[in-house]
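Student: Let me see the structure of the following:
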Amino acid sequence: MNNAPRFVLGGTNSGCGKTTVSCALMQAYQNRGVEVAAFKCGPDYIDPMFHSRVIGARSRNLDAFLCRREQIPRLLSKNAGALSIIEGVMGYYDGMGGISAENSTADLAVLTDSPTVLVLNARGMSLSAAALLRGFLDFSQNTIRGVILNGIRPMMTDYYASIIESNTGLTVYGSLPDDPDCAVESRHLGLVTAQEIEDLREKLNRLAQHAEQGIDLDRLFALAQTAPPLADYVPPEREFDGVRIAAAQDEAFCFTYADGLDVFRELGAELVPFSPLHDTELPKNIAGLYLCGGYPELYAHQLSANRTMLESVRMAVRGGLPTVAECGGFLYLHDTLEGEPMAGICGGAGHLTDRLGKFGYVELTARRDNPLCAAGETLHAHEFHYCASADEGDAFCAQKPGRKRSWSCVHAGETLYAGYPHIHFAGQPEAARRFLRLCERYQQDI
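Tutor: Numbers count the residues shown, from 1 in each chain. Modelled structure (predicted):
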């Protein structure tokens with residue numbers, strides 16, 4: 001068993017400041033020398049990248065849809081630090097399809113038996129803040145234990161605390177002021193240069209100072225220590241020692257679930273990183289290829305100019321190298337991306353648009369056998385992309401959970417899976433095993 005001191009940082013709504021507060025707390029505890037592990041509720045890639053690259057905290061996703069529900073506490077246990085901070089998503093009860101609390105922050109808090117601290121922007125409220133919080137307490141099953149106030153003047157903290165604590169029984173752990181100098185812009189296209197990262201670190205240290213001054217960090221840590229122990233993570237049995245998988249990793253290809261990649265390693269495979277941007281060809285002696293998502297549309301010209309790498313990928317995939325290409329990796333296999341020649345495996349053209357395409361959770365049902373599953377089997381996946389494709393494929397039927405809407409997607413055959421949907425292999429290790437089994441056969445035949 002793992003004691004895993006932890007708490008969930010939920011929000012009353014999107015925009016209440018939970019990301020600001022969570023970053024302030026992570027940085028403050030890091031500055032104190034506490035080993036902080038960061039977790040993000042849901043499928044978002046960007047916040048974990050931010051947590052790890054800028055704050056320096058080990059960061060992972062916890063998603064009950066993409067991963068089996070029973071696996072979530074074990075993944076939390078596997079990656080827990082001396083203190084684990086789990087940042088929520090949207091409003092506390094906002095879950096599947098916007099009409100259910102399933103897969104919400106509240107659901108994750110109950111699933112992992114973690115106490116919750118709600119972030120509340122109390123500007124423009126007084127007694128109504130208590131009424132709002134009473135609604136959250138009474139609405140459904142929850143683990144709410146306290147509140148952090150955001151965007152108020154420090155001198156008002158005691159005033160709000162007296163109102164909230166006397167009317168709800170919740171503990172007010174403090175507040176953060178509204179400080180425009182600490183504003184962190186959208187991180188979707190950030191984290192590129194050392195200077196950007198250094199500027200962000202300066203802002204985060206300022207936020208950490210506010211946290212030291214305005215939040216009772218000792219009392220909050222004591223709350224984390226009330227969380228009950230978690231069962232230890234049990235890795236899958238090693239089956240594929242010596243199987244080498246080339247895994248794209250650079251500025252253009254950076255969207256991966258670390259726990260999902262760990263499954264391949266735990267099963268015995270060796271992940272060999274390479275850069276489609278900077279390397280001249282695929283690594284030698286590989287038995288499989290994994291092209292993850294990222295920002296290939298921003299680097300289309302550079303990717304296209306690296307003709308030897310494109311030819312290396314083209315020849316390998318056409319030669320039967322087992323390949324998984326998700327979202328950005330799928331776009332890399334198009335004929336063109338933003339008008340620039342690409343690998344030409346899937347055909348069609350990809351181009352950036354000004355709006356999200358199909359996005360959110362999807363259930364994929366295979367129409368034919370492929371590297372990840374057999375015909376008729378299903379996978380849980382997630383889509384989020386601004387790029388459009390002239391040919392999304394037809395190997396799977398995708399359907400929104402609980403809705404009738406469906407569409408065709410993914411190019412797939414005996415050795416290729418290439419499409420927009422992202423797979424989290426920690427929740428679907430059988431798909432990882434199927435892919436590695438295919439890679440093992442390929443390795444034996446060459």
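Student: shaky segments in this protein?
Tutor: Low-confidence segments of the chain, defined by pLDDT under 70: 184-196.
Student: for it, what's the longest helix?
Tutor: The single longest helix within the chain, with elements called by DSSP state H, is helix 194-214.
Student: List of residues touching it?
Tutor: With CB atoms under 8 Å, 6 or more residues apart in numbering as the test, helix 194-214 has contacts from 20-21, 23-25, 27-28, 30-31, 53-55, 154, 157, 174-177, 179, 181-184, 190-191, 217. From N, CA and C alone the C-beta is placed, and that goes for glycine too.
Student: from the residues you listed, which would you call buried?
Tutor: 20-21, 23-25, 27-28, 30, 53-55, 157, 174-177, 182, 184, 190-191, 217 (16 or more other CB atoms under 10 Å).
Student: what lines up beside the helix or strand where Leu364 lies in the sheet?
Tutor: Leu364 belongs to strand 360-366 when assigned by DSSP states H and E. Partner strands for strand 360-366, per DSSP bridges, with pairing direction: strand 378-383 (antiparallel), strand 396-399 (antiparallel).
Student: circling back to that earlier point, taking the buried ones among the contacts of helix 194-214 one by one, which sit in strands?
Tutor: Of the positions in the buried ones among the contacts of helix 194-214, 174-176 sit in strands, assigned by DSSP state E.
Student: quick one: Tyr45 and Arg265, what's the gap?
Tutor: As judged by CB to CB, to the nearest Å, Tyr45 and Arg265 stand 19 Å apart.
Student: Check Ala227 too.
Tutor: 28 Å.
Student: Who has more neighbours out of those two?
Tutor: Ala227 (20 against 13; other CB atoms under 10 Å).
Student: That one contacts Ser114, correct?
Tutor: Yes: counting by CB atoms under 8 Å, Ala227 does reach Ser114; the two are 5.4 Å apart.
Student: what's the overlap in contacts for these two?
Tutor: Contact criterion CB under 8 Å, 6+ apart; residues shared by Ala227 and Ser114: 6-7.
Student: if you look at the buried ones among the contacts of helix 194-214, which of them are in helices?
Tutor: 20-21, 23-25, 27-28, 30, 157, 217.
Student: Among those residues, which one sits closest to Leu9?
Tutor: Val21 (6.3 Å; CB to CB).
Student: Phe396 versus that closest one, what's the distance?
Tutor: 39 Å.
Student: repeat for Cys23
Tutor: Relative to Phe396, and taking CB to CB, Cys23 is found at 37 Å.
Student: for Arg433, same thing?
Tutor: Note on Arg433: its distance to Phe396, by CB to CB, is 19 Å.
Student: For these two, indicate the residue with more neighbours.
Tutor: Neighbours per residue, other CB under 10 Å: of Arg433 and Phe396, the larger number sits with Phe396, 29 against 18.
Student: how about Gly81, phi and psi?
Tutor: phi -110, psi -170 (degrees, to the nearest 10).
Student: brain fart, Tyr299
Tutor: Dihedral angles (degrees, to the nearest 10) for Tyr299: phi -120, psi 20.
Student: so how far is the one helix or strand Arg434 maps to from its chain's centroid?
Tutor: Secondary-structure element containing Arg434, defined by DSSP H and E: helix 429-445. Centre-to-centre, helix 429-445 and its host chain are 25 Å apart (CA atoms, centre = their mean, to the nearest Å).
Student: Repeat that for stretch 140-159.
Tutor: The answer for stretch 140-159 is 27 Å, by CA atoms, centre = their mean.
Student: which parts of it are buried?
Tutor: Result for stretch 140-159 [16+ other CB under 10 Å]: buried residues 142-152, 157.
Student: for stretch 279-297, same thing?
Tutor: Here stretch 279-297 shows 279, 282, 286-297 as buried, counting by 16+ other CB under 10 Å.
Student: Could you dump the strands paired with strand 360-366 into JSON lines and include distance to Phe274?
Tutor: Formatted as JSON lines, the strands paired with strand 360-366 follow (distance: least, CB to CB, whole Å):
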{"stretch": "strand 378-383", "distance to Phe274": "24"}
{"stretch": "strand 396-399", "distance to Phe274": "27"}
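Student: Nearest approach to His424 belongs to which of the ones you listed?
Tutor: strand 378-383 (7.7 Å).
Student: In the closest one, which residues are buried?
Tutor: Within strand 378-383, the residues that count as buried by 16+ other CB under 10 Å are 379-383.
Student: who's in contact with it?
Tutor: Contacts for strand 378-383 (CB under 8 Å, 6+ apart): 43, 63, 65-66, 327, 357-366, 372-373, 396, 398, 420-424, 427-428, 431.
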